[in-house]
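Q: heads up, no residue letters with this:
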């Protein structure tokens, strides 16, 4: 029988709501409670059978079709594909090997080298107790042995470790190396065995009250150097420090007063446009005195061709005797938006490059409200501007 037309697209796989969505010839995307998985229905000895092909998060559409085609081929040859998978010769890798292979396979979709390093570290160091165990034999008890020592003391890290173990085991199942439910799944499984994390234990970044930011900016402008200007730029744009430290001149259009951060440098993996206030442009013009090569860093570090170090902005805060964090200034901005400004919540969230709304709402929201955000950022820059202070401290060239 000719294969039915392929109905699904990658976008449908990512955005489809709850229910069964047919791709054709027995292959379905099943979405329940935000979980997306592949199922293949086929007839064996006159009975309808169901075969899982893995999570849609770990098995892309093209791969799901390949797995479905391979299973159908076995059916035509008189072989039960489920039995064939379960009786696959014992070339089962260890969890460590499976984790390393998964990271290697997924490198193209990771945002940057730092993201890859984070995955590698968590699945090497924290998952060390199970790395030598066959991936087919990893149990709930094994997963708990990894998570319990850090669940209360390092809740954010523990949550990431659990999610990454779950994805590695899902991939192993899709490759035929595992059967049954995922022992690292949270909903309906580990949620019944581990205490829920308290919101206050998430380690929010220490933030400065927004009322104190103007005075802090006045003190900051008394300091010279690239790091001080970079920190002020972070505060004015409500950006993440990594976005500012890694910024190159080709990302800026000073005539349009827009900074376009490419998707590869954003936490959400989506391009983000930042409207620039007059003060932000002034800082950029001062930095241009050190060079404005399109590929060059706007805020260069002490080493030629390198950006400011990760600790550069933190050291400015330490030297000023401040106990807040660089990232905490985003909270200062958000508090000001909610308590002082009259701008809508979604505009404030968009300025922080946060994802707002469900998938359907985001699909219909095509624009990024640049001009509305421009008015917001101008208002913020005006609020934090110290009275009677409008200078940029000159940078001394090395």
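A: Structure's in. What do you need? Remember, predicted model here, so these are calculated numbers, not experimental data.
Q: Could you pull out the helices in the stretch 251-398 of the chain for me?
A: Remark: helices assigned in the stretch 251-398 of the chain by DSSP state H, counting those that start in this stretch are 278-287, 312-319, 328-339, 345-351, 359-364, 370-384.
Q: closest one to residue 214 among those helices?
A: Nearest to residue 214 among those is helix 370-384 (5.1 Å), distances taken as Cβ to Cβ. Bear in mind the C-beta positions are built from the backbone N, C-alpha and C, glycine included.
Q: hmm, back to that, nearest to residue 252 among the helices of the stretch 251-398 of the chain would be which one?
A: Proximity to residue 252 (Cβ to Cβ) singles out helix 278-287 among those, at 6.5 Å.
Q: so where is the stretch 251-398 of the chain shaky, pLDDT-wise?
A: 355-367, 388-398 (pLDDT under 70).
Q: what does the stretch 101-250 of the chain give?
A: Checking the stretch 101-250 of the chain against pLDDT under 70 turns up 111-112, 197-205.
Q: in it, which spans are helices?
A: So, for the stretch 101-250 of the chain - with DSSP H, counting those that start in this stretch - the helices run 113-121, 140-151, 155-174, 213-220, 226-237, 241-245.
Q: hey, which of the ones you listed is tucked in deepest?
A: helix 226-237 (a mean of 24; mean count of other Cβ atoms under 10 Å).
Q: Including mean neighbour count and distance to residue 128, could the helices of the stretch 251-398 of the chain go into JSON lines?
A: Below are those laid out as JSON lines (neighbours: other Cβ atoms under 10 Å; distance: least, Cβ to Cβ, whole Å):
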{"stretch": "helix 278-287", "mean neighbour count": "18", "distance to residue 128": "44"}
{"stretch": "helix 312-319", "mean neighbour count": "17", "distance to residue 128": "30"}
{"stretch": "helix 328-339", "mean neighbour count": "20", "distance to residue 128": "33"}
{"stretch": "helix 345-351", "mean neighbour count": "18", "distance to residue 128": "38"}
{"stretch": "helix 359-364", "mean neighbour count": "10", "distance to residue 128": "36"}
{"stretch": "helix 370-384", "mean neighbour count": "17", "distance to residue 128": "45"}
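Q: now those helices as TSV including distance to residue 116?
A: Shown next, in TSV, are the helices of the stretch 251-398 of the chain (distance: least, Cβ to Cβ, whole Å):
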stretch	distance to residue 116
helix 278-287	30
helix 312-319	23
helix 328-339	25
helix 345-351	28
helix 359-364	26
helix 370-384	31
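Q: Please identify which of the ones you listed is closest to residue 84.
A: Closest approach to residue 84 among the helices of the stretch 251-398 of the chain (Cβ to Cβ): helix 359-364, 36.2 Å.
Q: Surely residue 322 is in contact with residue 206?
A: No - look at residue 322 against residue 206 with Cβ atoms under 8 Å: they stay out of range, at 9.2 Å.
Q: Which one of the two is surrounded by more residues?
A: Counted by other Cβ atoms under 10 Å, residue 322 and residue 206 do not tie: residue 322 has more neighbours, with 17 against 13.
Q: got a list of what that one touches?
A: Going by Cβ atoms under 8 Å, 6 or more residues apart in numbering, residue 322 touches 208, 216.
Q: Residue 378 versus that one, what's the distance?
A: Distance of residue 322 to residue 378, computed by Cβ to Cβ, to the nearest Å: 26 Å.
Q: got the contact list for the closest residue to residue 387 other than its chain neighbours?
A: Nearest residue to residue 387 in three dimensions, chain neighbours excluded: residue 214, at 7.7 Å (Cβ to Cβ, 6 or more residues apart in numbering). Shown in contact with residue 214 (Cβ under 8 Å, 6+ apart): 383, 384, 385, 386, 387.
Q: From what I see, the second one and residue 213 are in contact.
A: In other words, residue 384. Yes - using Cβ under 8 Å, residue 384 is in contact with residue 213, at 4.7 Å.
Q: joint contacts of these two?
A: Common contacts of residue 384 and residue 213 (Cβ under 8 Å, 6+ apart): residue 235.
Q: Skipping adjacent residues, who's closest to residue 64 in space?
A: Nearest to residue 64 is residue 38, by Cβ to Cβ, 6+ apart, at 4.5 Å.
Q: So which elements touch the helix or strand hosting that neighbour?
A: Residue 38 belongs to strand 35-44 when elements are defined using DSSP states H and E. Other elements packing on strand 35-44 under the criterion 3 or more Cβ pairs under 8 Å, 6 or more residues apart in numbering; DSSP states H and E are strand 27-32, strand 47-55, helix 61-76.
Q: need these in JSON lines with mean neighbour count, can you?
A: Listed next are those as JSON lines, based on neighbours: other Cβ atoms under 10 Å:
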{"stretch": "strand 27-32", "mean neighbour count": "19"}
{"stretch": "strand 47-55", "mean neighbour count": "16"}
{"stretch": "helix 61-76", "mean neighbour count": "17"}
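Q: Out of the ones you listed, the one nearest residue 139 is which?
A: strand 47-55 (19.0 Å).
Q: Note down every partner strand of that closest one and its orientation.
A: Strand 47-55 has the following sheet partners, assigned by DSSP bridges: strand 35-44 (antiparallel).
Q: Go through the strand it pairs with and flag the buried ones.
A: Residues 36, 37, 38, 39, 40, 42 are the ones in strand 35-44 that count as buried (16 or more other Cβ atoms under 10 Å).
Q: what is the fifth one paired to in the beta sheet?
A: Residue 40 forms beta bridges with residue 27, residue 51, as assigned by DSSP bridges.
Q: Quick check, it in contact with residue 66.
A: No - Residue 40 is not in contact with residue 66 according to Cβ under 8 Å; the separation is 11.6 Å.
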